[in-house]
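In: Structure, please.
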Amino acid sequence: MAEDESPDGQDGRWARFRASAAQAGRRARDLDRSEGLRTAVARVRRALPGDAHFGDPLSLGGARHAEFAGRAVVGLTGDRPGVTREVSLGGLQLWQSVLERFGGGVGEREVTLVFTDLVEFSRWALRAGDDEVQRVLREVSEAWEKPVTDRAGTVVKRLGDGMMAAFAEPTGALEAVVEARTRLAALTVPDWTPRMRAGLHIGRPRRVGGDFLGVAVNTAARLGDRAGPDEILISGDLLARLDESRLRVRRKRWNTHLKGAPPDLQIFAVEKA
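Out: From the prediction side, this is the model:
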């Protein structure tokens with residue numbers, strides 16, 4: 001038997017190498033899919049500076065290096081949760097946080113940002129069917145968008161059952177949200193009562209094409225997520241730009257701050273007086 005054909009020859013060494021590589025690959029996949037380890041890494045991410053939600057569509061829409069790299073990570077890992085994905089996005093989360101802290105994520109103009117969405121829309125949509133959902137979303141869009149454009153605001157993007165808008169003037173932003181809520185309440189939908197929640201914040205986000213990105217955007221979005229049915233939450237920074245004598249203001253106090261928002265953020269629920 002020739003040496004390269006023996007179990008100890010070249011063919012044998014190559015077979016052992018392939019077997020070892022396959023075994024190492026299986027161990028790596030098992031490690032990446034470990035739910036316990038992934039949960040631990042995700043817990044560490046929540047304690048890191050920056051937006052622990054980095055990796056969702058809102059945080060990856062820009063053209064900076066962190067966002068470009070984030071899209072690459074998400075593209076490679078798809079929708080599959082795993083340790084590799086969490087570790088990679090955690091590193092990019094820190095990178096983005098450093099850019100924001102040293103001015104790399106600050107725009108030139110002050111903008112009031114608004115996020116709205118519908119309460120319990122997804123549960124109703126599962127029962128209603130596609131045609132009815134599309135009809136209602138068109139009516140909701142008309143109810144929300146006219147108050148925005150009437151006050152020189154811009155609808156930045158539609159987010160399924162939600163909307164992001166931007167205003168140069170803080171008072172106009174709040175007035176638009178209040179009117180949008182009133183118009184929404186006038187809609188009649190079988191088996192469901194349309195109700196909205198909204199979050200507003202003011203800051204200097206980065207402008208990327210027709211979109212805005214940065215901590216100010218994340219803050220407004222998280223306020224919208226945290227609001228209750230028919231509730232309007234605003235930041236203390238925005239309240240300072242409004243005529244408080246014309247508002248009913250209630251301070252919101254929680255044990256934990258909103259992820260992706262400044263740790264010293266003050267939050268208020270407001271209504272027109």
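
In: Can you show me the strands along the stretch 101-250 of the chain?
Out: For the stretch 101-250 of the chain, the strands defined by DSSP state E, counting those that start in this stretch cover 111-118, 154-159, 162-167, 196-203, 206-208, 211-213, 232-235, 247-252.

In: mean pLDDT for those strands: which is lowest?
Out: Here the lowest mean pLDDT among the strands of the stretch 101-250 of the chain goes to strand 206-208, at a mean of 74.

In: Doesn't R13 lie inside a helix?
Out: Yes. Counting by DSSP: H, G, I helix; E, B strand; the rest coil, R13 is found in a helix.

In: distance of it from A19?
Out: Distance, R13 to A19, using C-beta to C-beta, to the nearest Å: 11 Å. The way it works is simple: take the backbone N, C-alpha and C, and place the C-beta from them, glycine included.

In: Which parts of the stretch 151-273 of the chain are helices?
Out: Counting by DSSP state H, counting those that start in this stretch, the stretch 151-273 of the chain has helices at residues 170-185, 215-226, 236-239.

In: Show me what the shortest one packs onto, helices and strands only.
Out: Judged by 3 or more C-beta pairs under 8 Å, 6 or more residues apart in numbering; DSSP states H and E, the packing partners of helix 236-239 are strand 196-203, strand 267-272.

In: again with the longest one
Out: Counting contacts by 3+ C-beta pairs under 8 Å, 6+ apart, the secondary-structure elements packed against helix 170-185 are strand 111-118, helix 130-150, strand 162-167, strand 196-203, strand 232-235.

In: Most tightly packed of the helices and strands packed on helix 236-239?
Out: Among the helices and strands packed on helix 236-239, strand 196-203 has the highest mean neighbour count (mean count of other C-beta atoms under 10 Å), at a mean of 27.

In: What is the least confident helix or strand in this protein?
Out: helix 65-77 (a mean of 51; mean pLDDT, DSSP states H and E).

In: and of the strands of the stretch 101-250 of the chain, who's closest to R127?
Out: Closest to R127 of the strands of the stretch 101-250 of the chain is strand 111-118 (C-beta to C-beta; 14.5 Å).
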